[in-house]
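Chemist: fold the following.
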Amino acid sequence: MVTFPGPGGSPVVRHVLANQPLDLDGQEESSSAEVRKVTELVLEHAERHPQESLGVIAMGIRHADRVQRAMDEALEEHPELESFFDQELEERFFVKNLERVQGDERDAIILTVGYGKDRGGNLPFRFGPLLSEGGQRRLNVAVTRARQRMTVVSSFSHFDMDLARVRPGTGVELLRYYLQYASSEGRRLADAASTDYPLNEFEAEVYDVLQSKGIPLISQVGASRFRIDLVAKHPTEPGRFVLAIECDGASYHSSPTARDRDRLRQQQLENLGWRFHRIWSTDWFMRKDEEIQRALTAYNKAVEDIESRGSSKPPSPSGGIADRKVGKPKANPTRGPRPRVPSYDSITDFTDGEILELINWLNSDGKLRTDDEIIEELLPELGFARRGPRIEAVLRDLLYRSKTQPGPSTKPI
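Modeler: Here you go, the predicted model:
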């Protein structure tokens, strides 16, 4: 088995199973066992990790309301924890349902499913917002709100979700995958490298070239469909993986759900301390030397980061409420004037610099956004009604470059 360790010793993601008795009615939308377990976990966090901010995300509105009421009652019995729940904190504690969570990042997040089995022990597969269009994106946003730790609470496991009833392309499919992922504490994705999944011609060329440049690689790491194309190993510790390299081959473009799943995996592995690097086939064949240099730079930086983390002292576990900034929430800065970027008929008519200007402008209000959210806001600014494969590929590449390169380029796409 391959393990993907986090920077510290404790799990970055975990699954807590709440034992829900089956002799109760009305638990299908909001499990009472989950409400109790979430309340217990929140109080435990406030006592043991008061220096870390916390949020609770519930799948449904009714479940979120029940968790909030339970927390209000619990706090009446624990006045000593009042300072942790102070609503004047810069990153105050919250309980929100799935559809209300956008830019609310916290150090730790508890995701509570709420939906459970009926009296007969059957799982009705009524998962509220996950069944609607965009359900997978909502879940994707929710599970990436944690900076350090994610805890998933449910009254059933992924084994209870019959694959025959999981409709592809919905948030329910992603939920089953995520429960399975969390139950292994986000670490075991499966056998290291497999020859059962051969590289395509493009991936094989990238593999050979980067190996010849001194990057030690193995290919097709992961489980079943959830595979990373290439994984770079530490130069002196070959059992240690430092960089995931993905190519835009057939697997990436197989379906929207596959892309959502890949982004979910990428964000979770980044939370575990990994770095990701993506190589697009168009860039590779048009600017191969430049792409090779980008890959070498990403690899060297990943090795440096791993080694610097290993030598740095972990955060002190004795930090208290005083370590968290107290005061009124900071007002987000407002955006300045929109850059004078015209609309064109094709994404290829824009320069990199024009799109990067718009990305920087959108982000200048200080709100936290996923790449998906930025793309949704970019589309109307660029004059497009919907995203297509080419538009999405260009925007994702530029979003990646905006995070790894100091300034915009004016080179045409």
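Chemist: going forward, measure contacts between C-alpha atoms and count neighbours the same way
Modeler: OK.
Chemist: where does pLDDT dip in the stretch 51-200 of the chain?
Modeler: Applying pLDDT under 70 to the stretch 51-200 of the chain flags residues 168-169, 185-198.
Chemist: all the strands of it, residue numbers only.
Modeler: 54-58, 94-97, 106-112, 146-154, 188-190 (DSSP state E, counting those that start in this stretch).
Chemist: same deal with the stretch 201-350 of the chain?
Modeler: Under the criterion DSSP E, counting those that start in this stretch, the stretch 201-350 of the chain carries strands at the ranges 217-223, 226-233, 241-247, 275-279.
Chemist: domain boundaries for the chain, per the record?
Modeler: 10-188, 189-311, 331-404 (automatic domain parsing).
Chemist: go through these and pick out the most buried.
Modeler: Highest mean neighbour count among the domains of the chain (mean count of other Cα atoms under 10 Å): domain 10-188, with a mean of 19.
Chemist: what about it, distance to the chain center?
Modeler: 15 Å (Cα atoms, centre = their mean, to the nearest Å).
Chemist: still on that earlier bit, need the strands of the stretch 201-350 of the chain in CSV with mean pLDDT, can you?
Modeler: Shown next, in CSV, are the strands of the stretch 201-350 of the chain (pLDDT from 0 to 100):
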stretch, mean pLDDT
strand 217-223, 70
strand 226-233, 76
strand 241-247, 85
strand 275-279, 86
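Chemist: R138 is nearest to which of the ones you listed?
Modeler: strand 226-233 (20.0 Å; Cα to Cα).
Chemist: distance between the closest one and the chain's centre?
Modeler: 18 Å.
Chemist: what's it packed up against?
Modeler: Packing partners of strand 226-233 (3 or more Cα pairs under 8 Å, 6 or more residues apart in numbering; DSSP states H and E): strand 217-223, strand 241-247.
Chemist: tabulate those strands in a markdown table, adding columns for distance to E40.
Modeler: Shown next, in a markdown table, are these (distance: least, Cα to Cα, whole Å):
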| stretch | distance to E40 |
| --- | --- |
| strand 217-223 | 33 |
| strand 241-247 | 36 |
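Chemist: what's near enough to touch A182?
Modeler: 13-15, 151-152 (Cα atoms under 8 Å, 6 or more residues apart in numbering).
Chemist: between the residues you listed, which is nearest N360?
Modeler: V13 (31.0 Å).
Chemist: nearest spatial neighbour of the closest one, skipping sequence neighbours?
Modeler: Nearest residue to V13, sequence neighbours excluded (Cα to Cα, 6 or more residues apart in numbering): M150, at 4.6 Å.
Chemist: ok, and what's touching stretch 163-172?
Modeler: For stretch 163-172, using Cα under 8 Å, 6+ apart, the contacting residues are 127, 130-139, 173, 256-257.
Chemist: report the two of these separated the most.
Modeler: F127 and P256 (20.0 Å).
Chemist: redo the strands of the stretch 51-200 of the chain as a markdown table? Include distance to E73.
Modeler: Formatted as a markdown table, those follow (distance: least, Cα to Cα, whole Å):
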| stretch | distance to E73 |
| --- | --- |
| strand 54-58 | 16 |
| strand 94-97 | 14 |
| strand 106-112 | 19 |
| strand 146-154 | 20 |
| strand 188-190 | 38 |
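Chemist: many thanks, have a good one.
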